[in-house]
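**Student:** kindly return the folded structure for what I paste below:
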Amino acid sequence: MSTLTVRLDPHVHSEGSYDAHDPVELILEQAAEIGLDAVVITDHDVIDESVRAAQLAPMYGLVGIPGVEVSTADGHLLALGVEKLPPRRRPLDETAQWVHDHGGVAIVPHPFQRSRHGIRKKRLAAYHEKVGRDAFDAIETYNSWLFTGYKNRRARRFAARRAYPSVAGSDAHKVGYVGRAYTEIEIPDVSRASLTADDILDAIREGSTRVQGRRTPLPTSTKHYAGAAGRKSAYYAKQGALVSAILAKEGALKSGYYAKIGALKSGYLAKRGAVRGAQLLGRFASR
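**Tutor:** Next up, the predicted model:
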């Protein structure tokens, strides 16, 4: 069996994050349309939408992988493959160990960029010296939201000198930016039909990754962004139609209910009036 190339965007935010607004259904649709094999929803310090996205992913032809971007005492950490929220505000190495203990992959995102809670180089180097190569599983050496390539280059040099695998992530907060950067993963002896989340996570741990980050990460960037806008409009139009239909059905049911109650009440009052009238006529007749 030949080697399978898998395309993964491991760093995407949904409406579960305080700073993003798109639903996971729309993100999954976009990821499938642009040719990704998996996308990990990594909302800030919440995991519910990511777990739901992982459950829905097979419906879109994608591999489901839950995850979260957790705030440690030293900066942000991506936890892939976990279904529970790691402890927050704990030391970086302690959080990474928690991720490992729960079968996940710990990735350092956008390192050295303090304005986005990236971990400082001194802190990252200190944890590496303390724990060794097993401190983390990979480092995000290409984040598509960095304004210049300087911090990405620093992250790439840091990872290379310490033999950490490199990954790329879009860090998308809007659906049109999903896949702007992604990671290619080489997995031998597996077919696309049998591909699992564990296969992908194991390959990241082993370093079988290749960074794909550039201004146009996929061949047709115009179609990429225009398609995202079209899918977003269609999604909300469909949601609006569904809500309208539900409200219309509820209105019809409520109208029917009140009409039935009104008819029953009218019938009751008419019957009561007829009985009362008959009683009065009987009294007059007996006089």
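**Student:** any stretches of the stretch 151-287 of the chain with poor pLDDT?
**Tutor:** Applying pLDDT under 70 to the stretch 151-287 of the chain picks out residues 214-236, 238-239, 241-245, 247-249, 251-252, 255, 269, 273-275, 277-287.
**Student:** scratch that, the stretch 1-150 of the chain
**Tutor:** For the stretch 1-150 of the chain, the stretches with pLDDT under 70 are 1, 147-148.
**Student:** break down it into its strands, ranges please.
**Tutor:** Chain-ordered strands for the stretch 1-150 of the chain, with DSSP state E, counting those that start in this stretch as the definition, fall at 4-12, 38-41, 67-71, 76-80, 105-108, 138-143.
**Student:** winner for burial among these?
**Tutor:** Across those, the average number of neighbours (mean count of other CB atoms under 10 Å) peaks for strand 38-41, which reaches a mean of 30. Any C-beta I mention is one placed from the backbone N, CA and C, and that applies to glycine too.
**Student:** could I have it exported to CSV, CA atoms only?
**Tutor:** This file holds the C-alpha atoms of strand 38-41, laid out as CSV (Å, rounded to 0.1, in the frame of the first residue of the first chain):
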residue,chain,number,x,y,z
ALA,A,38,-9.5,17.1,8.4
VAL,A,39,-9.9,20.3,10.3
VAL,A,40,-9.6,20.8,14.1
ILE,A,41,-11.8,23.3,15.8
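**Student:** helices and strands around it, which ones?
**Tutor:** strand 4-12, helix 24-33, helix 48-56 (3 or more CB pairs under 8 Å, 6 or more residues apart in numbering; DSSP states H and E).
**Student:** repeat that for 6 Å
**Tutor:** In terms of contacts (3 or more CB pairs under 6 Å, 6 or more residues apart in numbering; DSSP states H and E), strand 38-41 is packed against strand 4-12, helix 48-56.
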